[in-house]
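1. Okay, here's the prediction I keep looking at, along with the sequence it came from:
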Amino acid sequence: MDLRSQIAIVRAWLPLLVASVLFAAGAAYLVSIELPPTYEAKATLVVGQSLSTVSPDYNQLLVSQILSTTYARVATTRPVLESVIKQLGLSGTSDDLAKRVRADAAQDSTLLTITVQDGDPARAAAIANAVADALIAASPAIQGRQTEIQKSIDADLKATQDQIETTQTQADALLALPTRTAQQDANLQTLQAQLATLRSTYAALLTFSSGNASNLISVIEPAVPATSPVSPKVFFNVLIAAALGLVVATAIAFAAKQLDDRLKDDDDVRRVAGLGTMAAIEVIKGERGGGEPSRLAAMLFPRSGVAEAYRTLRTNVEFASAKAPIRTLLVTSAVAEEGRTLTAANLAVVFAHAGRRVLLVDADLRKPGIHIVFNLPNDHGLTTMLRSDKVGLDAVAHEAEQENLRILTTGPLPPNPAELLGSQRMRDVLEELQQGDVLVILDGPALQLVTDSAILSSLVDGTLLVIDAGRTHRRDVVRGQESLARVGANILGVVLNRLPARSRADYAGYDAYLANRGHPTDKSEERASA
């Protein structure tokens, strides 16, 4: 399926697409505004002392980062959540609370974020802070004996640091003397030795202190009540629903196109029947009900787009045979009610208007329609000539308002139409009708109903197959084409009838090209009009 076909599908289903988008967007909006608001609060913690240490150790940072993942899992465990429920006096179970609490450990830092969603912004913040406090209480680095040990190590570190500063001051004072006595030199050496010992002790104490530093956890940003809800996101929901509505409607449109076997454009005709589209005719006002139809558009409205389409058909028929001109032409269709009678009548009019002598014959001996289109009596006609070889064309033919056009109606309907049309007498009558360089256009019945048109197609120079765009099914066209092929009919092409007006624009360039090819015929029109 090419881009033009896809655009045609979208254009044909555009009302459904628009309605689906509007319906989905409207439904999403109504549902969103009815949903209760949800607020979100976040508490941020840090694992280890990476923020307070002047020169953090890489190994400590790595351990703290790994521990932060562990703490994220601990935050949503049942003991931690039950302690939060007990502390805040919440209703519900730990499983209910777990659905509203989320703990996330950063991948590239030691930060841990506790996120809580609740219908009350203050309660959401309280729960987030309570979870953070419960997580800190569960940390082994700040409880029990380890806390006392850490306090003792911190005190020793402070005392050792003070001693280092005092000793360093005394040593600096001795070093500042311009001259020193032997006793002063001995004192300086003693102070320097004490400094080395104190620094070694401080380093050892610092190592013991750092052993617990990576397992410390503390709050760096407590949760606060949110000022606006995080859900429902009305605008976002409307956009998503509109997009989904468009996707679903588009999928339905393309699925319907794949499942629909009706022929709607020349691409369908070429793919199914392997035939070219000789003309694309717009639907005539009132043709499908609702108003008086302008049946003979080629005669009543010669400057209309429909009349131009019939002139395009005329041009294509003239160029259809390179060996010999078409003198007898059958217009038929696969099924009934596809507009073949109007096609034959309008085609006869445009040929006559171009100066060609035309005889329009109603060969539908079961349900004739030509006499209705031209408002003529049907007392005598083709069947009259078939029953008696003494009745000539002049005795039964009607002169139309259009110059150069004569019409032969069916006459009384016979009980055996197929036998009459397939008889030798029909061949003789057809030879008689062609006298004097006359183009004979026959309107035949539908192929699917009877064999009449198949019989007639074997007697004429060419056959036009009328297809009602958007109504005729593929199987009907295939069967009709097969019935014509069995009798060796010369199928000139397809007339794609009753196209929607917007679809007609797709053939504008095609028609203009054919109109240019038809300049000689147009000149003959001008001479005939003059």
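-> Right, received. Where do you want to start?

2. What ranges in the stretch 51-200 of the chain fall below the confidence cut-off?
-> Along the stretch 51-200 of the chain, segments meeting pLDDT under 70 span 51-61, 63-64, 140-151, 153.

3. so where do the helices sit in it?
-> Applying DSSP state H, counting those that start in this stretch to the stretch 51-200 of the chain gives helices spanning 58-74, 78-88, 94-98, 121-137, 145-175, 182-213.

4. Out of the ones you listed, which gets nearest to residue 255?
-> helix 94-98 (42.5 Å; Cβ to Cβ). C-betas here are computed from N, CA, C, even on glycine.

5. got the CA coordinates for that closest one in PDB?
-> Below are the C-alpha coordinates for helix 94-98, written out as PDB (Å, rounded to 0.1, in the frame of the first residue of the first chain):
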ATOM      1  CA  SER A  94       1.800  -2.700  56.400                       C
ATOM      2  CA  ASP A  95       0.900  -4.100  53.000                       C
ATOM      3  CA  ASP A  96      -1.500  -1.200  52.400                       C
ATOM      4  CA  LEU A  97       1.200   1.300  53.400                       C
ATOM      5  CA  ALA A  98       3.800  -0.500  51.200                       C
END
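
6. which of the helices of the stretch 51-200 of the chain sits most buried?
-> Stretch with highest mean neighbour count among those: helix 121-137 (a mean of 21; mean count of other Cβ atoms under 10 Å).

7. Determine how far that one lies from the middle of the whole chain.
-> Here helix 121-137 is found 47 Å from its chain centre; the criterion is Cα atoms, centre = their mean, to the nearest Å.

8. That one packs against which elements?
-> strand 39-47, helix 78-88, strand 101-105, strand 111-118, strand 217-221 (3 or more Cβ pairs under 8 Å, 6 or more residues apart in numbering; DSSP states H and E).

9. Present those as TSV; the columns should include distance to residue 306.
-> Converted to TSV, the helices and strands packed on helix 121-137 look like this (distance: least, Cβ to Cβ, whole Å):
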stretch	distance to residue 306
strand 39-47	65
helix 78-88	77
strand 101-105	68
strand 111-118	65
strand 217-221	76
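
10. still on that earlier bit, which one of the helices of the stretch 51-200 of the chain lies nearest to residue 31?
-> Closest to residue 31 of the helices of the stretch 51-200 of the chain, according to Cβ to Cβ: helix 121-137, at 22.6 Å.

11. and for the closest one, what are the contacting residues?
-> Here helix 121-137 makes contact (Cβ atoms under 8 Å, 6 or more residues apart in numbering) with 39-43, 45, 71, 74-75, 80-81, 83-84, 87-88, 90, 97, 100-101, 103, 112, 114-118, 142-143, 217-219, 222-227.

12. Buried among those residues? Make that a PyMOL selection.
-> In PyMOL, selecting the buried portion of these, with burial taken from 16 or more other Cβ atoms under 10 Å, looks like this:
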select buried, resi 39+40+41+42+43+45+71+74+75+80+81+83+84+90+97+100+101+103+112+114+115+116+117+118+142+217+219+223+226
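
13. where along the stretch 301-450 of the chain do the strands fall?
-> 328-333, 358-362, 398-399, 405-408, 439-443 (DSSP state E, counting those that start in this stretch).

14. so how many other residues sit close to residue 102?
-> Applying other Cβ atoms under 10 Å, we find 16 residues neighbouring residue 102.

15. distance of it from residue 130?
-> Distance, residue 102 to residue 130, using Cβ to Cβ, to the nearest Å: 15 Å.

16. tell me the pLDDT at residue 483?
-> Residue 483 carries a pLDDT score of 89 in this model.

17. One more: residue 329?
-> Value for residue 329, per-residue pLDDT: 94.

18. Next: the one 5 residues further on.
-> According to the per-residue confidence, residue 334 scores 88 in pLDDT.

19. Report the secondary structure element holding the spatially closest residue to it that is not a sequence neighbour.
-> In space, and not counting its chain neighbours, residue 334 is closest to residue 480: 3.5 Å by Cβ to Cβ, 6 or more residues apart in numbering. Using DSSP states H and E, residue 480 sits within helix 474-486.

20. which residues sit against that helix?
-> Helix 474-486 is touched from outside by 261-263, 268-269, 272-273, 275, 332-335, 446-448, 451, 454, 457, 463, 465, 467, 491, with contacts defined as Cβ under 8 Å, 6+ apart.

21. same deal with stretch 95-111?
-> Outside stretch 95-111, the residues that reach it (Cβ under 8 Å, 6+ apart) are 44-48, 50, 61, 64-65, 67-69, 71-73, 75-76, 81, 84-85, 90, 112-118, 127-128, 131, 220.
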